[in-house]
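A.B. asks: after the sequence you'll find the predicted model.
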Amino acid sequence: MNTQDIIALDKKYYMNTFGDRLPVVFEYGHKSTLYDKEGKAYTDFLGGIAVNVLGYGHPNHIEAILTQAKKLIHCSNLFYIESQAELARLLVQNSFGDRVFFANSGAEANEGAIKLARKYFRDMGMNKYKIITTDNSFHGRTLTTLAATGQKKYQIPFLPLPPGFITVPFNDLEAIKKVIDDETCAIMIELIQGEGGIIEADYEYVKSLEKLCREREILLIIDEVQTGMGRTGKLFAYQHYDILPDIITLAKGLGGGVPISAVIAREPVASAFDPGSHGSTFGGNPLACSAGIAVLSTILDEGLIDRCAGLGDYFKAKLNALKDMYGFIKEIRGKGLMLGMELDPSVSGKEIVNIALSRGYIINCTGCNTLRFAPPLVITQEEIDKLICELDSIFNDISEV
Ligand SMILES: Cc1ncc(COP(=O)(O)O)c(C=O)c1O
């Protein structure tokens, strides 16, 4: 099939939740480059939306998946699973946590974290069930994670949503203090709002949140679905803030494209998930966990975290240099290789995404007109330089119109 045939098939048979997608069908990838059906190359500055941390075709990733697929793809959680136990150990040894639960998507991990927080207090006979989240956040699209998501546009078509969620402005400690009561069980936040437009939580805000949680006996849940797995220049974004969360959730980068997500918690919270309280058919199956082990070990063994931090600083400085040249660039934000460039409303971010695509670069526009860059962690400085030149040329062209 050629690209047009595939698009026609999709339009006829696939539920149209993604609207008019970008009109490209990718055939294969290598490192940070994707190739479409017609053989055109694209440098990928989106990484499957922060998923493909090792890029495409990393030998460790492919080898782990092939080896496990030949042995055993799935066997059910009724049995002990070697790669599951091993990935859990690796995550615990490299984080604040004591125990891990595996699921399949970011929303599912967050749903698990919410259930865990509520059950922890229920087990102690306490009526604490309310979760405070922030405006402009994104926590997923199940009914409960939509209730946690602080964006009305996603919620309205699906009302009523499960009760017990309160959203307050981001980076506003006083707003949180005002809504906390004896029924509050957790605060759940992203440390860099991803879908919301790459908006960073302030250091002092997060430190104070941690303190407040301890004082009021509230759990701190960090949604690291997008920020985790080295993306921000630390393995987990909470490590930038010198805090100890109670629960974090991971997804996107964890399997490097193989669906797997995780809830990591410290004791005694983790023990609230006791036999029968939670589960998943696919969660943490042998194949997904083998992919996860390959991703995490490669990140650690190949020094991808420091690489991400260094290249991220370099990339951010280059984006800031563009900001100095073009008045319609409002702000550059983010950490590591999770960066955003907010544009003035007079310029269409979506149009820039389309032009960049036609010139062989994959970027994305999210939040309020913010270009988002989340490339594989194996992206090179040369590829960053080439993108910056291309953006300069695109910005120059649109300034002249
Ligand atoms: C911070 C955050 N949490 C949760 C999710 C939901 O993840 P998924 O689409 O895998 O359910 C996303 C997805 O973009 C996200 O960025």
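C.D. replies: Structure's in. What do you need?
A.B. asks: those residues of the stretch 151-300 of the chain touching the ligand, which are they?
C.D. replies: Glu190, Gly194, Glu195, Asp223, Val225, Gln226, Ala251 (Cβ under 6 Å from any ligand atom). Where C-beta positions appear, they are placed from N, C-alpha and C, glycine not excepted.
A.B. asks: give me the neighbour count for Ile132.
C.D. replies: For Ile132, the tally of surrounding residues (other Cβ atoms under 10 Å) stands at 22.
A.B. asks: so who does Glu267 touch?
C.D. replies: Glu267 makes contact with Asp98, Arg99, according to Cβ atoms under 8 Å, 6 or more residues apart in numbering.
A.B. asks: tell me which element it falls in.
C.D. replies: Element membership for Glu267, per DSSP states H and E: none, as it lies in no helix or strand.
A.B. asks: quick one: it from Glu195, how far?
C.D. replies: 31 Å (Cβ to Cβ, to the nearest Å).
A.B. asks: same deal with Glu174?
C.D. replies: In terms of Cβ to Cβ, Glu174 sits 25 Å off from Glu195.
A.B. asks: also Leu87?
C.D. replies: Distance of Leu87 to Glu195, given as Cβ to Cβ: 26 Å.
A.B. asks: more neighbours: which of the two?
C.D. replies: Relative neighbour count places Leu87 above the other of Leu87 and Glu195, with 28 against 19, counting by other Cβ under 10 Å.
A.B. asks: could the C-alpha coordinates of the helix or strand hosting that one be exported in CSV?
C.D. replies: Assigned by DSSP H and E, Leu87 belongs to helix 82-93. Extracted C-alpha coordinates of helix 82-93, given in CSV (Å, rounded to 0.1, in the frame of the first residue of the first chain):
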residue,chain,number,x,y,z
GLU,A,82,11.9,-13.2,35.8
SER,A,83,12.1,-10.0,33.7
GLN,A,84,9.4,-8.4,35.9
ALA,A,85,11.2,-9.1,39.1
GLU,A,86,14.5,-7.9,37.5
LEU,A,87,13.0,-4.6,36.1
ALA,A,88,11.3,-3.9,39.5
ARG,A,89,14.7,-4.4,41.2
LEU,A,90,16.4,-2.0,38.8
LEU,A,91,13.8,0.7,39.2
VAL,A,92,13.9,0.4,43.0
GLN,A,93,17.7,0.4,43.1
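A.B. asks: how far does it sit from its chain's centre?
C.D. replies: Centre-to-centre, helix 82-93 and its host chain are 20 Å apart (Cα atoms, centre = their mean, to the nearest Å).
A.B. asks: contacts for it, please.
C.D. replies: 68, 97-100, 102, 250, 262, 264, 284-286, 289-290, 292-293, 296-297.
A.B. asks: what do you get if the cut-off is 7 Å, keeping everything else the same?
C.D. replies: 68, 97-100, 102, 262, 264, 284, 286, 289-290, 292-293, 296 (Cβ atoms under 7 Å, 6 or more residues apart in numbering).
A.B. asks: biggest separation within those residues, which pair?
C.D. replies: Gln68 and Asp98 (26.1 Å; Cβ to Cβ).
A.B. asks: so which of these two has more stuff around it?
C.D. replies: Higher neighbour count among Gln68 and Asp98: Gln68, with 22 against 14, using other Cβ under 10 Å.
A.B. asks: now the closest residue to the more buried one other than its chain neighbours, what's its secondary structure?
C.D. replies: Distances taken as Cβ to Cβ, 6 or more residues apart in numbering place Ser290 nearest to Gln68, at 3.8 Å, with adjacent residues excluded. Look at Ser290: counting by DSSP: H, G, I helix; E, B strand; the rest coil, its state is helix.
A.B. asks: wait, isn't Ser290 in contact with Ala69?
C.D. replies: No. The pair Ser290 / Ala69 is not scored as a contact, 8.5 Å apart, by Cβ atoms under 7 Å.
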